[in-house]
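In: starting from these lines, generate the structure:
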Amino acid sequence: MSAIKAVVFDWAGTMVDFGSCAPVRALKAVFAEAGAPVEDDRVRRYMGMAKRAHVEAMLSEPEIGEAWRAARGRGWSEADVDGLMAKLEPAMRREAEATAALIPGALEALAMLRARDIQVGSTTGYTRPMMAGILPLAAAQGYEPEVVVCAGETRAGRPAPLMIWKALVELGSWPTDAAVVVDDAAVGVAAGRNAGCWSIGLAGSGNGVGLPLDDYLALAQDDRAARLAEAAEAHEAAGADIVLESIADLSHGLAIIEARIAQGGKPGGSDCVCIPPVRV
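Out: Got it, this is the predicted structure:
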């Protein structure tokens, strides 16, 4: 029997949507329509947060706040956030459904966990309405986690541990150091650390590199290696125990964690191990 009882996955950039592109496209479209256009890096800076908190963090940046003031003649308010969220939810749902393909290796990772009787849960920075279209599309591809916890279903989102704890409670899985959190965004890795779980960061498939699969595969080997290293550094700084290239490498990460557990190790108790192979 495995010492690991549960794995809690993120969604975009982790199990679906290679490059975590849907949130970028939706947020850019909504902000542009509001007269305050934003660049990709400004959106990605807060990736993994609950989407309302994400919007507020972007508006709080001086440059974006000034653009908003120039377009509206005043600073932003909570009512403006309400208005942006009202437009963001359908935009996010459209983009999320368009990028709902499972990341290569996701089904194999799921089969490995099922074969070992390891429970599977998930959390996301998307709200429940944003997830409405993704869930059946993922299920049709063979991915249907036992638990899905969405943004807004706990009092605080990432990096708070509450969504992870809620997922573990619904799974009936404990203790927390027998669970592994897998996320492509540094804030999700930090949430796993705060929850008392083992944290695995994904450097290649998600927010760190931020490219769709075809563009990622087209990168020159040296370029890809440099981008992976930069993303891995962000995960390590957030408290990752392991950094992998993508979900396809999950079995390697779990083997390292199980070896540490066998030696009496706890989450956060050893140096981060980075295994970002560059596939060509």
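In: what about the helix or strand containing residue 253, average pLDDT?
Out: Assigned by DSSP states H and E, residue 253 belongs to helix 250-262. Helix 250-262 comes out with an average pLDDT of 96.
In: what residues of that helix count as buried?
Out: Buried residues in helix 250-262, counted by 16 or more other CB atoms under 10 Å: 250, 252-254, 256-258, 260-261. (Glycine included, C-beta is placed from N, CA and C.)
In: show residues contacting that helix.
Out: If you take CB atoms under 8 Å, 6 or more residues apart in numbering as the criterion, helix 250-262 is touched by 2-4, 7, 105, 109, 112, 177-178, 180, 182, 198, 200, 241-242, 244, 269-270, 273, 275.
In: so what sits opposite residue 273 in the bridge?
Out: Applying DSSP bridges to residue 273 yields these beta-bridge partners: residue 242.
In: what lies in contact with stretch 50-64?
Out: 23, 27, 31, 36, 38, 42-43, 45-47, 49, 65, 68, 76, 80-81, 84-85, 88, 92, 125-127, 130, 151-152, 157-158.
In: from the contacts of helix 250-262, list the buried ones, please.
Out: Listed as buried from the contacts of helix 250-262 are 4, 7, 105, 109, 177-178, 180, 182, 198, 200, 241-242, 244, 273; burial here means 16+ other CB under 10 Å.
In: per-residue confidence at residue 224?
Out: pLDDT, read off for residue 224, is 94.
In: wait, isn't it in contact with residue 215?
Out: No - in this structure residue 224 lies outside contact range of residue 215 using CB atoms under 8 Å: 10.6 Å.
In: the two: who's more crowded?
Out: residue 224 (21 against 13; other CB atoms under 10 Å).
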